[in-house]
Every structure is written in C-alpha cells, then in structure tokens.
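**Q** next come a sequence and a model predicted from it.
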Amino acid sequence: MNKSFLVFFCFTLLIYSCKETPTPLAPLPIPDPTVKLGQTEIDIQEIHSQSAGSFNFKKKGPGLIKYEATSNKNWLIIDNPNGILKLVSDTVRFHVKMPSEELIEGENAAIITVKNSINGKESSDIIFNVKGTFKPTILQSNTTLIELGTIKSFSKSKIILSKTGLEDLEYLASTDQPWLKINKTQNSKITLDSLEIDIDTEKISAGNFEGFISILPKVLGQVGKTIMVKITGNYDDTISGEIQGHTLSKDETWAGMINLNGSIVIPKSRKLTIKPGTIINIKNTLPLSTITCDGKLFSNGDINNIIEMKSSDPLGTNSDWNGLISNGEIELSYSTIKNAKNALSFEFFTTSSSSIPPKIHHVLFDKNFIGIFDYKTTANSSISNVTFRDTELFSIKFYSSKNTTLESCEFLNDVCYIDLDISSNNGIYNIKNSNFTQKKFSHQSHMEVISGFQFNTINTENCYGLNTINGIWTGGNILSNNSDLSTPNLNIGCGFINKYPANGRKKYVK
C-alpha cells in the first residue's frame, strides 16, 4: 500500500473522529383543544311547563373535555348536566319546571354555568343565559258580588269564569247555604266557563238573604287563590190570588186579596204569616174549609190595615167555613173572623202542643156560630179588646184554662145562647172593663158555669150590663162582682168595628 495514501487516510479519520455527534430534533408540542359556544343566550319567549331548549358547544382540536352544567334558578332544569366531549360538538338540553316560587310575572332570566376541564386541567367557566316572559295562570271571575234585589220565586244568575296564562286549570266550586244552588261543582282544562246559580225558594226564609260561592282553582297540582262571590237579595215570599188547599211544606206569607179554595194545614215545623190588610175570601165547600195551626199562625194587622177572613159569599151564613183550629202558637190582632162555624177553636189543644199562650187582642168575631171554642192554655193568659157580634151559640167557651183575664171586650150578641161558657174546673177568670148587651130571651145568659164543673173563681170588675142570674154558683164556684157600671165603658172592643157597619154597633141595654 502506498505510504502517503495511508497517512492521508489516517489523518482524515482522525479529523472526523474529533467532531461532535449531532443531536436528533424533538417533536413539536400538541396544543390543548378549545371550546366555543354556538350562542351565549336564548329567549324562550313565554315561560310555561312545556318550555324547553338547548345550546351547543364545539370542540376544536384533539383532546378530552369534561363538563358539568348547573342552573341558578330552580325553574330551569338541565336534562344532561354532565358529559364528556369527545367528538366535535355536544348539546346541553334544558326544560322549565313548574310551579316555581322563583318565577315572577314579567321578565325572568336564568344563568347556566358550565364548569369544564380540558385534558384533566380545570378551565374557565362557560356562561349561557336563558330568558323569557312569565304570565301566571289565574282563574278570573266577571264579578265578586251579585245583588238580586227582591225575588218572589226561583231566581237564576250566572258567573262567568275565564283563564289567563297557558297552563291547564281546574276548579272546585261550593256554596255555604242549602238554598244556594250551582249547576256544577268542578271543571277541568277550562279557558272560558260559567256557573249557573239558582236560589231555591223552597229552602229559604223570607227577608234579606246572603250567601257565598267559593271557587277554588288548581294549576299543576297547586291550589290558587279562592274566588269568593257574594250573593245578596231579599226574598218576598208573599202569596196572593188563588190558593188551593194544601199542607205547608215551608213557611208562607199571605198578602193582598186571596181566594182560598180548600183547607190549610200548618205543620209543627212551619209558620204562616198573614200580612196587614190581607183579605181572605174562603169558598164555601164540602167538607168545610179549615185553617189548622199545628205550628205557628201570625195574623197581625194594624188599625189602618185590618186582616179579614170571611166567606166568599157576601151573604154568607155563620157556618160557611170551619174557622181556625189552634194546636200550636197563634197570634191574632187587628183581624176579623166572619162566617165561621167555630171562628177560633182550641178543641184539640194539648199540653204538648205549645207552652206559649195565645195572643188575642183587637179582634172582631162577626157572624159566627161560635166565637172562641174550648179555650185552653197551660199558662196564664189574657184576651183583650175583642168584639163579639151576632154570635149564635157561645162567644167564648172556656175549657181547662187555669188563669185567664178578659179585658176591654164587648159582647154585641142579643141572641147568643151564652156569651161566657165556663166548662172548666179550678179555673180563675177575671172579667174587666167589658160591656154586655141585653138578651132577647130569658134562657140566654151572659156568663154561666156549666153544671158539673166545680171550684172556679170568677172576678168581675167595672163591667156594664153583665147579668149573672142564670149562672151556676154551686159546686164551689165563686162569683166576685165589683163595681157594676151604670154607663158603658168607652174605647173598648176591637177598635175598628165602624169599618164594618153592616149591623152597626148595637145599643147597650141593661
């Protein structure tokens, strides 16, 4: 080998062996992915229970993103609050939950916060806004007050109901009075509805009335504010015109001109009120018509408005109808009873009938066969300012009445058999300030204790024309007669006989 070549080769090798070995290049770093929202706000318009929405966020670049979405309002619920974003994009869905106390009428807004981590490292929160308008679903009524004024029969009215808002609405309706009726008690999914109202006059008392209808709405299972509708009015229960015989099924009030055709029964639980000035023309029928009071009968007129009960025949007899039968509570004042067989009878009255004594004053018993028959009461009682005219058999027949005062009465019965018939034992009778007229026949009498009845005490005081010759004063019956008058008492009797002058006021004769 050439020596010079070998030297050159070694020298070259030495030079290359002294140079540094080159370092290889490192790979470039891979950047973390980024997240971007498609939008940052959504307006869901009207907020209601079916409202829902969503928003998207996109990933740019490779890597792993984890997220957790939360809402700051309880009415906005996230459907998929947790997720891992592996692909290019993901969607967060939400919906509205109702009812919610946080919702206010008008504008509402909620914030969705998305916490996220990128490749295991926490990143900045993503904020998304949701807004909308809320209008609560409310039941409304066209009125809270219905004033019916004066009614005489079934009265109908209506409440109009309407809904504001978008939710389904149902309601329950009720009344606080048995006479206040509504056509329905509930309804559901209403937009516009109505309640028909009836006043059941069979169950209401006369006079002013007041009741309430309660309407309770419910939305999404939640009870709303109750609507109260007040119903007021006045029930005029007066009856006039033709009245057929019947048993009262409710309290009744009679007024004006009445033509009675048949018998009336007032049960224990009922009341008949006869208004001042009422004229009752009673048809002569067979059997004879009767007004039977087992409950309450109030026939109270006034000096200018006398109540009349009489035959419908202007030429009626003294037995065209049976009269009144009292087994309960009765009041008679400024009234006239005419053409009756027994104008007022207590024949069937018992101690269980009523503990309230009858109230009888300023009454004209005119042209009756008997005025008051079998008068009895369990309590002390009085009859005052009563006129008996043209009575045939008895003006008053007392029976088992214990202590009774008869005061300021007049007996204009010259053919009446006995004015005061006492068919009682152990009774006390006080006859005061009363006038009697002379009888036509000797067998007739003003006052007589019927044979067989004992131990009655009769006190008379300041009476005019009273003849006691035919009385039975044996068997322990005692008569105490004080201050016979030589002139008639003035200003006694019913006080309105001159309004009925057919027979006039007979002259008092001793």
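**A** Right, received. Where do you want to start?
**Q** tally up the residues packed near the closest residue to G371 other than its chain neighbours, please.
**A** Once flanking residues are discounted, G371 sits nearest to F365: 4.1 Å by C-beta to C-beta, 6 or more residues apart in numbering. C-beta: built from backbone N, CA, C; applies to glycine. F365: 29 surrounding residues under other C-beta atoms under 10 Å.
**Q** next: K268.
**A** So K268, with other C-beta under 10 Å, has 13 neighbours.
**Q** contact partners for it?
**A** Going by C-beta atoms under 8 Å, 6 or more residues apart in numbering, K268 touches D294, G295, G328.
**Q** you'd agree the residue nearest to G371 is up against D390?
**A** No - contact criterion C-beta atoms under 8 Å: F365 and D390 do not qualify, at 9.0 Å.
**Q** can you tell me the distance between the two ends of stretch 183-191?
**A** 18 Å (C-alpha to C-alpha, to the nearest Å).
**Q** now the spatially closest residue to S100 that is not a sequence neighbour: how far from E102?
**A** Take S100 and drop its neighbours on the chain: the residue closest to it by C-beta to C-beta, 6+ apart is W75, 3.7 Å away. In this view, W75 and E102 are 6 Å apart by C-beta to C-beta, to the nearest Å.
**Q** so what sits against both of the two?
**A** N108.
**Q** of those two, who's got more company?
**A** W75 (22 against 13).
**Q** isn't the more buried one right next to H95, touching?
**A** No - taking contacts as C-beta under 8 Å, W75 lies outside contact range of H95: 9.7 Å.
**Q** quick one: name whatever helix or strand follows the longest strand seen in the chain.
**A** The longest strand of the chain (DSSP state E) is strand 252-266. Next helix or strand after strand 252-266 toward the C-terminus (DSSP states H and E): strand 271-274.
**Q** separation between the residue most central in space within the chain and G165?
**A** By C-alpha atoms, centre = their mean, the mean C-alpha position of the chain lies nearest to Q177, the distance being 3.4 Å. Q177 sits 32 Å away from G165, going by C-beta to C-beta.
**Q** where does the residue nearest to the centre of the chain land on pLDDT?
**A** According to the prediction, Q177 has pLDDT 96.
**Q** ok, now which ones touch it?
**A** Counting by C-beta under 8 Å, 6+ apart, Q177 has contacts F209, G211, F212.
**Q** now, which of those lie within strands?
**A** Those of these lying in strands (DSSP E): F209, G211, F212.
**Q** among those, name the buried ones.
**A** F209, G211 (16 or more other C-beta atoms under 10 Å).
**Q** of the ones in strands among the contacts of Q177, closest to F411?
**A** Using C-beta to C-beta, F209 comes nearest to F411 of the ones in strands among the contacts of Q177, at 46.1 Å.
**Q** ok, that closest one to T185 distance?
**A** In terms of C-beta to C-beta, F209 sits 21 Å off from T185.
**Q** so I469 makes contact with S445?
**A** Yes - with contact defined as C-beta under 8 Å, I469 reaches S445; the gap is 7.4 Å.
**Q** what about the two, which has more around it?
**A** Between I469 and S445, S445 has the larger neighbour count (other C-beta under 10 Å), namely 21 against 9.
**Q** the more buried one bridge partners, please.
**A** Going by DSSP bridges, S445 is paired in beta bridges with I418.
**Q** follow-up on the earlier one: ramachandran coordinates for the residue nearest to the centre of the chain?
**A** phi -130, psi 140 (degrees, to the nearest 10).
**Q** repeat for S100
**A** According to degrees, to the nearest 10, S100 has phi -140, psi 130.
**Q** low-confidence regions, the protein specifically.
**A** Applying pLDDT under 70 to the chain picks out residues 1-30, 351-354, 502-510.
**Q** let's go with 50 and repeat that
**A** 1, 7, 18 (pLDDT under 50).
**Q** mind splitting it into its structural domains?
**A** 34-134, 138-235, 238-499 (automatic domain parsing).
**Q** looking at those domains, which is buried most?
**A** Comparing these by mean neighbour count (mean count of other C-beta atoms under 10 Å), domain 238-499 ranks first with a mean of 19.
**Q** now do the end-to-end distance for it.
**A** 25 Å.
**Q** before we move on, what about stretch 48-67?
**A** First residue to last in stretch 48-67 (C-alpha to C-alpha) measures 28 Å.
**Q** just how off-centre is it within its chain?
**A** 61 Å (C-alpha atoms, centre = their mean, to the nearest Å).
**Q** could you do stretch 377-393 as well?
**A** Distance, centroid of stretch 377-393 to centroid of chain: 41 Å (C-alpha atoms, centre = their mean).
**Q** next, T378: phi, psi?
**A** The phi/psi pair for T378 (degrees, to the nearest 10) reads phi -90, psi 0.
**Q** you'd agree it is up against P358?
**A** No - using C-beta under 8 Å, T378 is not in contact with P358, being 11.2 Å away.
**Q** distance of the residue lying closest to S188 once chain neighbours are set aside from T226?
**A** Distances taken as C-beta to C-beta, 6+ apart put E170 closest to S188, at 3.9 Å, once the chain neighbours are dropped. Separation of E170 from T226 (C-beta to C-beta): 14 Å.
**Q** swap in L195?
**A** 14 Å.
**Q** just A173 next, same as before
**A** 10 Å.
**Q** anything in contact with each of those two?
**A** With C-beta under 8 Å, 6+ apart, A173 and T226 have common neighbours S214, I215, L216.
**Q** among the residues you listed, which are in strands?
**A** Members of the shared contacts of A173 and T226 lying in strands (criterion: DSSP E): S214, I215, L216.
**Q** can I get those residues in CSV including distance to M257?
**A** Formatted as CSV, these follow (distance: C-beta to C-beta, whole Å):
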residue, distance to M257
S214, 43
I215, 44
L216, 49
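**Q** from these, pick the one nearest Q454.
**A** S214 (66.8 Å).
**Q** which residues does the closest one bridge with?
**A** Beta-bridge partners of S214, as defined by DSSP bridges: S174, M228.
**Q** ditto for T457
**A** I428, I478.
**Q** relative to G493, how far out is it?
**A** In terms of C-beta to C-beta, T457 sits 25 Å off from G493.
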